[in-house]
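no FASTA, just this:
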């Protein structure tokens, strides 16, 4: 059974869902017309133009959020994980998916292939992050220890991912990558999704240290490829 393949398939689905939720909840159409001497944030749909199809009408709307470009995504992920953008394996994956990543900040042209590329890049950052055991020059601890202090990557998953360990790891991931950007309700929903993701990733997997690390990579990838990271 190929764990990496299962991980990517699951995370593409979850990452796309999280990103689309972020897009449709944060990219609110705005109306900047002056009404009675003051601006209004309420949106009044424009009159239907029979000469425009639905896609053209959507394209004419103003939105309040944008998506990061490929370079912005690369450097954001690098800053959040502590993994250099110049890392050989990260650079290799980035070169493979760069043309599929968003080229500008226009959220209206964001498509599922963009999320697929974002998820693949996030997965590589998380793989390097979790697998790196050397302390970088000038740093007190490894990047993974900075994000998940106290987590035992060398423990069997039955120990490392017991209820308390699982909760702590999820909370540390959210704090490191989202940094308070999510509301309490969104955080609560995300914790439930991460727990379900962990359950799915553990199905038919051996109780091993490798499984422990793969699960952390999965949670890491899901958080790092979400709208909280990729939206401007």
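Now that the structure is in, tell me what you want to look at. Nothing here was measured: the structure is a model prediction, and the numbers come from that model.

Residue 124 is in contact with residue 93, isn't it?
Yes. Assessed by Cβ atoms under 8 Å, residue 124 is found in contact with residue 93 at 4.2 Å. From N, CA and C alone the C-beta is placed, and that goes for glycine too.

Pull the distance from stretch 123-136 to the chain's centre.
17 Å (Cα atoms, centre = their mean, to the nearest Å).

Residue 124 and residue 93: which is more packed in?
Each of residue 124 and residue 93 has its neighbours counted (other Cβ atoms under 10 Å); residue 124 has more, 23 against 19.

what's that one in contact with, if anything?
89, 90, 93, 94 (Cβ atoms under 8 Å, 6 or more residues apart in numbering).

Could you rerun that using 10 Å?
Listed by Cβ atoms under 10 Å, 6 or more residues apart in numbering, the contact partners of residue 124 are 77, 83, 87, 89-94, 96-97, 217, 221.

is it true that it lies in a helix?
Yes. Under DSSP: H, G, I helix; E, B strand; the rest coil, residue 124 falls within a helix.

isn't residue 143 right next to residue 83, touching?
Yes. In terms of Cβ atoms under 10 Å, residue 143 counts as a neighbour of residue 83; the distance is 6.2 Å.

Among the contacts of residue 124, which one is most surrounded by other residues?
Busiest of these [other Cβ under 10 Å] is residue 221, holding 30 neighbours.

how much space is there between that one and residue 120?
9 Å (Cβ to Cβ, to the nearest Å).

can you check residue 127 too?
For residue 127, the distance to residue 120 equals 11 Å [Cβ to Cβ].

Can you pull the residues that touch both of those two?
Common neighbours of residue 127 and residue 120, counting by Cβ under 10 Å, 6+ apart, are 93, 221.

Overlap of the contact sets of residue 143 and residue 83?
125, 128, 129, 132, 136.

could you flag which of the residues you listed are buried?
125, 128, 129, 132 (16 or more other Cβ atoms under 10 Å).

close enough to count as contact, the first one and residue 131?
No. Counting by Cβ under 10 Å, residue 131 is not a contact partner of residue 125; they are 11.1 Å apart.
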